[in-house]
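Q: sequence and predicted structure, then a few things I'm wondering about:
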Amino acid sequence: MPELKVRSWGAEIYGIPHSEGFCCENGNCEGWSALGASDEVVKQVVGFSLSTNPSAVIYECPKCFERFWVHSSSESTIKFLIKFCPNWPKKKRNKSVKNTVST
Ligand SMILES: [Zn+2]
């Protein structure tokens, strides 16, 4: 399995509560859930941290703006976030590499 190269970015995980259930920890806002892979969910990702094992994805609840984090245990999840999360820092692509692909 090729190593997935990711780095920490965005919000600091320290002081942010861990959510076991992928839900906002604020009991007053009906537990907004980060489960599922909709556009509404991925745009709430405000950070990623390698300081936990497995790594952590940090979300900001769209209702109360409290932050919480969940473990991102699978590589496919992380790949998905890299691709679709609008906040995820994008790598600059080298255009010359693209042109070397032959058929
Ligand atoms: Zn909330």
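A: All right, it came through fine.
Q: what's across from the most centrally placed residue in the chain in the sheet?
A: In the chain, the centroid-proximal residue (C-alpha atoms, centre = their mean) is Val57; its distance is 4.2 Å. Taking DSSP bridges, one obtains Phe48, Val70 as the residues bridged to Val57.
Q: so which residues on this structure come close to the ion?
A: With the criterion set to C-beta under 5 Å from the ion, the chain comes near the ion through 24, 26, 29, 32, 61, 63-64, 66. Placement of C-beta: from N, CA and C, glycine included.
Q: centre of the chain versus the longest helix along the chain, how much separation?
A: Using DSSP state H to assign secondary structure, the helix with the most residues in the chain is helix 75-84. Per C-alpha atoms, centre = their mean, to the nearest Å, the displacement of helix 75-84 from the mean C-alpha position of its chain is 8 Å.
Q: same check, this time on stretch 52-71
A: Per C-alpha atoms, centre = their mean, the displacement of stretch 52-71 from the mean C-alpha position of its chain is 8 Å.
Q: what about it, start to end distance?
A: One end of stretch 52-71 sits 8 Å from the other (C-alpha to C-alpha, to the nearest Å).
Q: list of residues touching it?
A: Among residues not part of stretch 52-71, those counted as contacts by C-beta atoms under 8 Å, 6 or more residues apart in numbering are 6, 10-11, 13, 16-19, 22-26, 28-30, 32, 34, 40-41, 44-49, 72-73, 77-78, 81.
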